[in-house]
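Enquirer: What shape does this take:
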Amino acid sequence: MGRGKKPGKGPQNKNDEPRRIRFEIEEDAEELFLRHLEQFKPDKVDAEEPKEPEKKASKTHKATMVHELDLHGLRLNEAQQRVREVLDGLREMAGMHKVKIITGKGHHSQRGDSVLAKEIHSFVLQTFRPVIMEIEDSPDQVRLAGVPLRGHFHVTILGKR
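Expert: Residues are numbered from 1 along each chain as shown. Okay, here's the model as predicted:
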């Protein structure tokens, strides 16, 4: 057996790439999406104070916790600080930690797109690369007819061993 990354062991050094999770869109997805939009009008979301991360039991594995970090209503520097605090705290705990980082789709942004989606994904990737086991594509990259499909991404990081 050759040398290299062992399954389930995470990045061996700073140069190893985390496993990226890509989303694929069906050929008729745009048509289905637009038809669905004609029938559905989402309620406006009231601006709220940022919530503390919630811990949810994963449906696939009872022992794995999914931490939720909602960044709605925060400016970029505030969101980066909050992400750093939460992920640094999880790095101090043993095991792997899956975090759902909610950035929003940018509907309330003055520019009309999600600054947080793009910038926070990049920030997490650059800042925490050595401990990232998996990371989904940036929500800004997954669009249908120019509209983001989701306002969040998941990242799995490795805590203390």
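Enquirer: hey, let's count contacts and neighbours off CA atoms from now on
Expert: OK.
Enquirer: Spell out the secondary structure type for residue 150.
Expert: coil (DSSP: H, G, I helix; E, B strand; the rest coil).
Enquirer: same deal with the one 3 residues further on?
Expert: For residue 153, the secondary-structure state derived from three-state DSSP is strand.
Enquirer: Just to check, it is in contact with residue 142?
Expert: No - with contact defined as Cα atoms under 8 Å, residue 153 does not reach residue 142; the gap is 10.5 Å.
Enquirer: the more surrounded of these two?
Expert: Per other Cα atoms under 10 Å, whichever of residue 153 and residue 142 has more neighbours is residue 153, with 21 against 17.
Enquirer: Just checking, which helix or strand succeeds the longest helix along the chain along the chain?
Expert: Looking across the chain with DSSP state H, the single longest helix is helix 76-91. For helix 76-91, the following helix or strand on the C-terminal side (DSSP states H and E) is strand 96-102.
Enquirer: Please put the alpha-carbon coordinates of that following strand into CSV.
Expert: The C-alpha trace of strand 96-102 is given here as CSV (Å, rounded to 0.1, in the frame of the first residue of the first chain):
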residue,chain,number,x,y,z
MET,A,96,-15.1,15.7,13.9
HIS,A,97,-17.6,18.5,13.8
LYS,A,98,-20.0,19.2,11.0
VAL,A,99,-21.1,22.9,10.8
LYS,A,100,-24.0,24.3,8.7
ILE,A,101,-23.0,27.9,8.1
ILE,A,102,-26.0,29.9,7.0
